[in-house]
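Novice: Just need the structure, nothing else, for what follows:
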Amino acid sequence: MQKIHFPYLALPLALIFMLIITIGSEINAAGITRIPLLSLLIMNEFAFFITAAATYIGIKHIQNTGLQTLYGTTTILCFALTVSFIFLGLKLWPA
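Specialist: As a prediction, the model looks like this:
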């Protein structure tokens with residue numbers, strides 16, 4: 001796999017992680033999340049790093065070759081997910 005294809009791989013993987021983290025962070029009647037907090041934080045951090053790397057690779061590729069619609073959209077979505085993983089991680093962190 002060439003490095004330039006990484007955003008296409010990172011986007012669906014990040015969406016799957018977003019779904020797992022969102023469902024797993026629901027609190028039940030006992031006040032406990034469905035998935036342990038440390039696991040949620042690790043998954044969130046991993047998803048943040050893959051989307052940040054995909055954004056970086058996407059921007060560098062766009063600078064070198066010019067804007068292509070699908071690639072640009074994928075890069076923008078990876079950037080949006082990077083930002084959302086930052087805020088989700090802050091929300092998950094206990095006060």
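Novice: Give me the contacts around stretch 57-74.
Specialist: 3-4, 6-8, 11, 54, 75, 78 (Cβ atoms under 8 Å, 6 or more residues apart in numbering). Yep, even glycine has a C-beta here, placed from its N, CA and C like the rest.
Novice: which of those residues are buried?
Specialist: Neighbour counting over the contacts of stretch 57-74 (16 or more other Cβ atoms under 10 Å) leaves 6-7, 11, 54, 75, 78 as the buried ones.
Novice: okay if I get the residues you listed as a markdown table plus distance to Leu41 and pLDDT?
Specialist: A markdown table is the format used below for those (distance: Cβ to Cβ, whole Å; pLDDT from 0 to 100):
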| residue | distance to Leu41 | pLDDT |
| --- | --- | --- |
| Phe6 | 24 | 95 |
| Pro7 | 24 | 95 |
| Leu11 | 22 | 97 |
| Ala54 | 20 | 97 |
| Thr75 | 26 | 97 |
| Cys78 | 20 | 98 |
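Novice: And the next helix or strand past the one helix or strand Asn44 maps to?
Specialist: Using DSSP states H and E, Asn44 falls within helix 37-65. Downstream of helix 37-65, the next assigned helix or strand under DSSP H and E is helix 69-92.
Novice: where does the protein dip in pLDDT?
Specialist: Nowhere does the chain drop to pLDDT under 70.
Novice: With respect to Leu90, which of the buried ones among the contacts of stretch 57-74 is nearest?
Specialist: Minimum distance to Leu90 across the buried ones among the contacts of stretch 57-74 is 19.3 Å, recorded for Cys78 (Cβ to Cβ).
Novice: Let me know the distance separating the residue lying closest to that closest one once chain neighbours are set aside from Ile35.
Specialist: Nearest non-adjacent residue to Cys78, counting by Cβ to Cβ, 6 or more residues apart in numbering: Ala54, 4.2 Å away. Distance, Ala54 to Ile35, using Cβ to Cβ, to the nearest Å: 24 Å.
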